[in-house]
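> Okay, structure incoming, though there's no sequence with it:
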């Protein structure tokens, strides 16, 4: 796996968020010491796996406007759609 900038930050509700190369992830589920993360934007399918506090994998292409830039948070690119591919 290529060198990636990985950090844990606090989200707006006081929970934990994962940031990989400027892209923000939320917890999807936990299983023992493994935490499965999904992109912050629910309609984006990018995901990551952290085991024992260390990044094990990050896959899936972001279809959102990640990395988060000032003024672009919450916006989808015009090519992304919720209903899937057409």
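Sure thing, it's come through. Note that this is a predicted model, so its numbers are computed, not measured. Numbering: from 1, shown residues only.
> For stretch 11-18, give the mean pLDDT please.
Summarised as a single mean, pLDDT over stretch 11-18 is 93.
> Can you give me the end-to-end span of stretch 37-47?
From its first residue to its last, stretch 37-47 covers 5 Å (CA to CA, to the nearest Å).
> Give the buried residues for it.
Within stretch 37-47, the residues scored as buried using 16 or more other CB atoms under 10 Å are 37, 38, 39, 40, 41, 44, 46. In short, each C-beta sits where N, CA and C put it, glycine included.
> what about the first one, distance to residue 55?
What that stands for is residue 37. Relative to residue 55, residue 37 is positioned 9 Å away (criterion: CB to CB, to the nearest Å).
> can you list residues touching both of the two?
In terms of CB atoms under 8 Å, 6 or more residues apart in numbering, residue 37 and residue 55 are both contacted by the residues 48, 49.
> circling back: just give me the closest of the buried residues of stretch 37-47 to residue 11.
Distances from residue 11 to the buried residues of stretch 37-47, taken as CB to CB, are shortest for residue 40 (8.7 Å).
> Could you find the closest non-adjacent residue to that closest one?
residue 24 (4.1 Å; CB to CB, 6 or more residues apart in numbering).
> try residue 52
Excluding the flanking residues, the one nearest residue 52 by CB to CB, 6+ apart is residue 33, at 5.0 Å.
> From residue 50, how far out is that neighbour?
9 Å.
> can you check residue 7 too?
For residue 7 relative to residue 50 (CB to CB), the value is 12 Å.
> okay, and the common contacts of those two?
residue 18.
> who has more neighbours, the two?
Under the neighbour definition other CB atoms under 10 Å, residue 7 and residue 50 were set side by side, and residue 50 has more, 22 against 8.
> And the strand or helix carrying the more buried one, what does it pack against?
In the assignment (DSSP states H and E), residue 50 maps to strand 47-51. With contacts defined as 3 or more CB pairs under 8 Å, 6 or more residues apart in numbering; DSSP states H and E, the packing partners of strand 47-51 are strand 16-20, strand 23-31, strand 34-39, strand 54-59.
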